[in-house]
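**Q** here is my input, please return the structure:
(chains A and B)
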Amino acid sequence: MSHSPAPTNSGVVTRFAPSPTGFLHIGGARTALFNWLYARHTGGKFLIRVEDTDRERSTEAAVAAIFEGLDWLGLKSDDEVIFQYSRADRHREVVQQMLEAGRAYRCWMTVEELEAAREKARAEGKAIRSPWRDAPPPADPSAPHVIRFKGPLDGETLVDDLVKGPVTFRNIELDDLVLLRADGAPTYNLAVVVDDHDMGVTHVIRGDDHLNNAARQTLIYQAMDWDVPAFGHIPLIHGPDGAKLSKRHGAQAVGEFADMGYLPEGMRNYLARLGWGHGDDEVFNDEQAISWFDVRDVVKAPARLDWAKLNFINSQHLRVADDARLADLTLRALVAQKADLPADAAARLLNTVPQVKEGAKTILELAEHCAFALKVRPLSLEEKTLKQLNDETVERLGRLRVLLGEAPVWGLSELENLLKSFAESEGVGFGKFGPPLRGILTGGSQAPDLNKIMTALGREESLGRLDDALASRA
RNA sequence: GGUCCCUUCGUCUAUCGGUUAGGACGCCAGAUUUUCAAUCUGGAGAGAGGGGUUCGACUCCCCUAGGGACUGCCA
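**A** Sure, this is the predicted structure:
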């Protein structure tokens, strides 16, 4: 990799750096989204780096799961994805430089010694300090040892955080973190700094669990005489009960939200509104989010996941989404549910989706709302409907059948007018024939207005269902 | 234990010393009505507590309480 990255329009480079030890949860997804939004807003670049330096816990399945989640959300790296482990040599090279410059040292403390020191440091309320910091090497320098950063013992380090504001740490509170493990493997804190520097990252936007690390990492940047990036530590997302996100909240992986029928753009909108806002704007598209977003406006406090609001936001995106796309997504959901579908299900859905999408919050709900149109003739009618079909009603529906058969145009407003004038000419309200007609056309399934039902079904199917019912009562 | 962060309606947020503290979701009521929704109208609902600073604090400072992160040869 080049150590002098290509400049962007604005010079801004952000990155999302997940560690592949599990699926992509929505907290991580939002972090990625904020990085992406900020890069787009500034005309900069958004990069992805997989932090797989922990060989024990990193898995390929997790890598795949994370990218599946990111792809679904539409967040792609503007450059090739970097895998941190592949850069271990470069990390070691930097440590070597620090060693030579006296900014790092070898530490031969054993695990037992370390534990004892840790206990002591904790009791005293101080940061841990290795005795090898200033001591000469042991008799056998080849004995197992780590390499630690040699941090300053006085002064303060300022993290001028984009979200939290200026935060200062006394250097004496910051311990000498391990740079290279005993097996020569680089650690996280070293690898992030080196990679962010080499990748030209200008804005590190990440979870606020890293705020403390930012101070330690700042020290490493300074030791290498590198430019320190701007930091923006965003609060974590909590479950509806205010506690950390977990399984019992129903979902935390973005893939689960996809399965539950949320739209990626709805998810992006909702996630963006969690911890960030732009005046009174609640429902917005990507273009708007990009033009409005600034890390500096991110809220400092953690936000809770609110399903009701997610549903609302998603429903708003659902109603403006392309019908063909929604029909396709609905069909996929139905297939995933192993639903019993007619051969022409796709065509039926395409006709039905526009008539029912306003009432749906998710694709799954959309599928439920489309169920009436997927039934195959002859429909089995509900007891309630059968009861309503007395002679008077059958005769009235028969007259309606004639009118419908003669309808010159089979459209939403035409059918609405036809039904209205029919009610007028019969001298009755909709209550006299609406419920039974509905039952006949839907078999009892949830469905929209009668004119929408018939528009969705089309002339042939609508009349067919009506004829079936009337014939059975003849 | 130590360091650091956070705290406005139930929830997400606006406010950047002077507002009847605004909006959204949800909730409640009404309207509509051919089921369920959707839609429309109205309503209830908040500055954790205590000190300061100031003519005036949600807003600035301090303390307390509560929540959280870090304190790993995890990231």
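**Q** tell me which parts of the stretch 301-450 of chain A are close to RNA strand B?
**A** Neighbours of RNA strand B within the stretch 301-450 of chain A, by C-beta under 7 Å from any atom of the strand: A:301-304, A:306, A:308-309, A:311-312, A:358-359, A:419, A:429-431, A:434-435, A:438, A:446-450. Every C-beta, even on glycine, is put in place using the N, C-alpha and C of the backbone.
**Q** can you tell me which of those are in helices?
**A** A:308-309, A:311-312, A:419, A:434-435, A:438, A:450 (DSSP state H).
**Q** buried subset of those residues?
**A** Buried members of these, scored by 16 or more other C-beta atoms under 10 Å, are A:311, A:419, A:434, A:438, A:450.
**Q** helix or strand for A:Leu47, which one?
**A** Following DSSP states H and E, the helix or strand that holds A:Leu47 is strand A:45-50.
**Q** grab the nearest non-local neighbour of A:Glu282.
**A** The shortest distance from A:Glu282 to any non-neighbouring residue, by C-beta to C-beta, 6 or more residues apart in numbering, is to A:Arg273 (6.7 Å).
**Q** for that neighbour, give its distance to A:Leu37.
**A** Applying C-beta to C-beta, to the nearest Å, the value for A:Arg273 to A:Leu37 is 12 Å.
**Q** A:Ser19 now?
**A** 22 Å.
**Q** and for A:Lys244?
**A** 24 Å.
**Q** neighbour-wise, which of the two wins?
**A** The residue with more neighbours, out of A:Lys244 and A:Leu37, is A:Leu37; 26 against 13, by other C-beta atoms under 10 Å.
**Q** settle this for me: the more buried one is touching A:Ala289, isn't it.
**A** Yes - with contact defined as C-beta atoms under 8 Å, A:Leu37 reaches A:Ala289; the gap is 5.8 Å.
**Q** any common contacting residues for the two?
**A** A:Ala272 (C-beta atoms under 8 Å, 6 or more residues apart in numbering).
**Q** where does the stretch 1-150 of chain A dip in pLDDT?
**A** A:1-9 (pLDDT under 70).
**Q** which stretches in it count as strands?
**A** Remark: strands assigned in the stretch 1-150 of chain A by DSSP state E, counting those that start in this stretch are A:13-16, A:45-50, A:82-83, A:104-107, A:146-149.
**Q** reformat those as JSON lines; add mean neighbour count and distance to A:Ala253.
**A** Conversion of the strands of the stretch 1-150 of chain A to JSON lines gives the following (neighbours: other C-beta atoms under 10 Å; distance: least, C-beta to C-beta, whole Å):
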{"stretch": "strand A:13-16", "mean neighbour count": "27", "distance to A:Ala253": "16"}
{"stretch": "strand A:45-50", "mean neighbour count": "23", "distance to A:Ala253": "17"}
{"stretch": "strand A:82-83", "mean neighbour count": "18", "distance to A:Ala253": "22"}
{"stretch": "strand A:104-107", "mean neighbour count": "20", "distance to A:Ala253": "39"}
{"stretch": "strand A:146-149", "mean neighbour count": "24", "distance to A:Ala253": "35"}
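**Q** quick one: closest of those strands to A:Leu180.
**A** strand A:146-149 (4.1 Å; C-beta to C-beta).
**Q** which strands or helices does the closest one pack on?
**A** If you count contacts as 3 or more C-beta pairs under 8 Å, 6 or more residues apart in numbering; DSSP states H and E, strand A:146-149 packs onto helix A:88-100, strand A:104-107, strand A:178-180, helix A:211-224.
**Q** please identify the most buried of the ones you listed.
**A** Highest mean neighbour count of these: strand A:178-180, a mean of 24 (counted as mean count of other C-beta atoms under 10 Å).
**Q** any part of it near RNA strand B?
**A** Yes - Strand A:178-180 reaches RNA strand B (C-beta under 7 Å from any atom of the strand) through A:Val178.
**Q** quickly check: whichever helix or strand comes after that strand near RNA strand B or not.
**A** Per DSSP H and E, the first helix or strand lying C-terminal to strand A:178-180 is helix A:188-198. Yes - using C-beta under 7 Å from any atom of the strand, helix A:188-198 comes into contact with RNA strand B via A:188-189.
**Q** the next helix or strand along the chain from helix A:188-198 near RNA strand B anywhere?
**A** Note on helix A:188-198: by DSSP H and E, the next helix or strand toward the C-terminus is strand A:203-207. No - Strand A:203-207 stays clear of RNA strand B (C-beta under 7 Å from any atom of the strand), getting no nearer than 7.9 Å.
**Q** now strand A:203-207: buried residues?
**A** Neighbour-count burial for strand A:203-207 [16+ other C-beta under 10 Å]: A:203-206.
**Q** out of those residues, who's nearest RNA strand B?
**A** Nearest to RNA strand B among these: A:Arg206, at 9.3 Å, using C-beta to the nearest atom of the strand.
**Q** now the closest one. Nearest residue, chain neighbours left out?
**A** That would be A:Thr31: by C-beta to C-beta, 6+ apart, it lies 6.0 Å from A:Arg206.
**Q** contacting residues for that neighbour?
**A** Applying C-beta under 8 Å, 6+ apart, the residues contacting A:Thr31 are A:16, A:205-207, A:234.
**Q** before we move on, what about A:Trp292?
**A** A:41, A:278, A:281, A:284.
**Q** if you set the cut-off to 6 Å instead, what comes out?
**A** Counting by C-beta atoms under 6 Å, 6 or more residues apart in numbering, A:Trp292 touches A:His278.
**Q** and it, its phi and psi?
**A** Torsion angles at A:Trp292 (phi, psi; degrees, to the nearest 10) stand at phi -100, psi -30.
**Q** cool, A:Asp323 as well?
**A** Dihedral angles of A:Asp323 (phi, psi; degrees, to the nearest 10) stand at phi -60, psi -40.
**Q** quick one: which of the contacts of A:Thr31 is nearest A:Val178?
**A** Distances from A:Val178 to those, taken as C-beta to C-beta, are shortest for A:Arg206 (20.5 Å).
**Q** which strand residues bridge the closest one?
**A** On the basis of DSSP bridges, A:Arg206 is bridged to A:His233.
**Q** what segments of the stretch 201-350 of chain A are helices?
**A** For the stretch 201-350 of chain A, the helices defined by DSSP state H, counting those that start in this stretch cover A:211-224, A:254-259, A:264-273, A:286-292, A:307-320, A:323-336, A:345-356.
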